[in-house]
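Visitor: Sequence plus the predicted model coming up.
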Amino acid sequence: MSQNINNHNPEEPNYQPSQVHHDDEGKFEDDPRAGTGSQYYKERHAINFAQNYLKTNTAKGMDDNNKNAMNVWANKGPNVAATYMMHQAGGDYSRMRSMYG
């Protein structure tokens, strides 16, 4: 799923209708957006992983920063979550790593 991230609030991406792909229906076989290698499939798998992880006992032990980032991941995907974490850290990569591990 291709996304244009809103830099003012990374939790709210600016979706363009032509960039949102809800399924592989109607795409030709060699289309890179279709099948298990597609960005859509990878994004959907990552979101499913995050949603299932939040249901585990391990997730209950996470600190608030990590819980919030995992909620963004589970609802918006890993790309938006990464942008969210960098935004929360003020754009400083080392600070982001210390906040989120």
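Guide: Right, received. Where do you want to start?
Visitor: quick one, what contacts residue 66?
Guide: Counting by Cβ atoms under 8 Å, 6 or more residues apart in numbering, residue 66 touches 100-101. (Glycine included, C-beta is placed from N, CA and C.)
Visitor: what comes up buried for the helix or strand containing it?
Guide: Assignment of secondary structure by DSSP states H and E places residue 66 within helix 64-76. Judged by neighbour count (16 or more other Cβ atoms under 10 Å), helix 64-76 contains these buried residues: 65, 68-74, 76.
Visitor: for the helix ranked longest in the chain, packing partners?
Guide: In the chain, with assignment by DSSP state H, the single longest helix is helix 39-53. With contacts defined as 3 or more Cβ pairs under 8 Å, 6 or more residues apart in numbering; DSSP states H and E, helix 39-53 has these neighbours: helix 64-76, helix 78-88.
Visitor: Quick one: find the helix or strand in the chain with the lowest mean pLDDT.
Guide: Of all helical and strand segments in the chain, the minimum by mean pLDDT, DSSP states H and E falls on helix 39-53, at a mean of 80.
Visitor: orientation of that helix relative to helix 78-88 in degrees?
Guide: With axes from the mean of the first three to the mean of the last three Cα atoms, to 10 degrees defining the directions, helix 39-53 sits at 70 degrees from helix 78-88.
Visitor: Give me the angle between helix 39-53 and helix 64-76.
Guide: Per the same axes, to 10 degrees, the angle that helix 39-53 makes with helix 64-76 is 130 degrees.
Visitor: Quick one: residues in contact with the helix or strand that helix 39-53 is followed by.
Guide: The first helix or strand that comes after helix 39-53 along the chain, using DSSP H and E, is helix 57-60. Identification of contacts with helix 57-60 by Cβ under 8 Å, 6+ apart yields 53, 67, 70.
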